[in-house]
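Asker: Below are the sequence and a predicted model for it; my questions follow.
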Amino acid sequence: MNQEIIQRLKAQFPDSIEESDEFRDDLTLRVKTEDIVKVCNFLKNDHELAFDMIVDLCGVDMYRPEGRFEVVYNLYSLKKKKYLRLKILVDEDNPIVDTVSVVWSGANWHERETYDMYGIKFKGHPDLRRMYMPEDFEYFPLRKDFPLMGIPDSLPLPRK
């Protein structure tokens, strides 16, 4: 099944798949950032693959030279009973990627959470606002440069 996924994607998008990795029959594909929506559309609408469900979407702060931030998409095909992981690199200075909530509406909440915790913005998202932190909070708590003990007085806390 993994080879079929790779072959179908490479036939449709010859330059979009940057690398693939298999571990214990789980397939991970690194996709060009600008092609994520069209690749996801194809994966969902192709009758042979039918990745009709986004299980999870999350941000990762790798803090490495080739790309600090990643967005990871975990997909599932009910028809084939198969998982697929997609990864894209996000520019550290301008962390903006296209939303996949136009493909799977279930990505809406996950993209909002990723924005709130990592500061990665999703262009075209219907309601990109913070979920956990106050709207005027200027930091992103899951970034590796955020102090473990937080930033003193960055949030007004209730007194006892």
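Answerer: Noted; the coordinates are in hand.
Asker: most centrally placed residue in this protein?
Answerer: Closest residue to the average C-alpha location of the chain: residue 71 at 3.2 Å, with Cα atoms, centre = their mean.
Asker: how near is it to residue 33?
Answerer: The spacing between residue 71 and residue 33, counted by Cβ to Cβ, to the nearest Å, is 8 Å. C-beta: built from backbone N, CA, C; applies to glycine.
Asker: in this protein, which spans are helices?
Answerer: Under the criterion DSSP state H, the chain contains helices at 2-12, 36-45, 107-118.
Asker: Pick the most deeply packed of the ones you listed.
Answerer: Highest mean neighbour count among the helices of the chain (mean count of other Cβ atoms under 10 Å): helix 107-118, with a mean of 21.
Asker: That one packs against which elements?
Answerer: Judged by 3 or more Cβ pairs under 8 Å, 6 or more residues apart in numbering; DSSP states H and E, the packing partners of helix 107-118 are strand 53-61, strand 69-77, strand 121-123.
Asker: Could you tell me how many residues sit around the closest residue to residue 95 other than its chain neighbours?
Answerer: The spatially closest residue to residue 95, leaving aside those adjacent along the chain, is residue 120, at 4.5 Å (Cβ to Cβ, 6 or more residues apart in numbering). Other residues lying near residue 120 total 23 when counted by other Cβ atoms under 10 Å.
Asker: Settle this for me: the residue nearest to the centre of the chain is touching residue 85, isn't it.
Answerer: No. Using Cβ atoms under 8 Å as the test, residue 71 is too far from residue 85 to be in contact (11.2 Å).
Asker: ok, back up a step: pull up the overlap in contacts between residue 71 and residue 33.
Answerer: Residues touching both residue 71 and residue 33 (Cβ atoms under 8 Å, 6 or more residues apart in numbering): 88, 90, 97.
Asker: Pairing partners for the second one in the sheet, please.
Answerer: Meaning residue 90. Using DSSP bridges, the bridge partners assigned to residue 90 are residue 69.
Asker: Look at it and report its pLDDT.
Answerer: Residue 90 is assigned a pLDDT of 95 by the prediction.
Asker: which residue packs closest to residue 50, ignoring adjacent ones?
Answerer: Residue 50 sits nearest to residue 79 (Cβ to Cβ, 6+ apart), 4.2 Å away.
Asker: Touching, the one you found and residue 46? I think so.
Answerer: No. Using Cβ under 8 Å, residue 79 is not in contact with residue 46, being 10.5 Å away.
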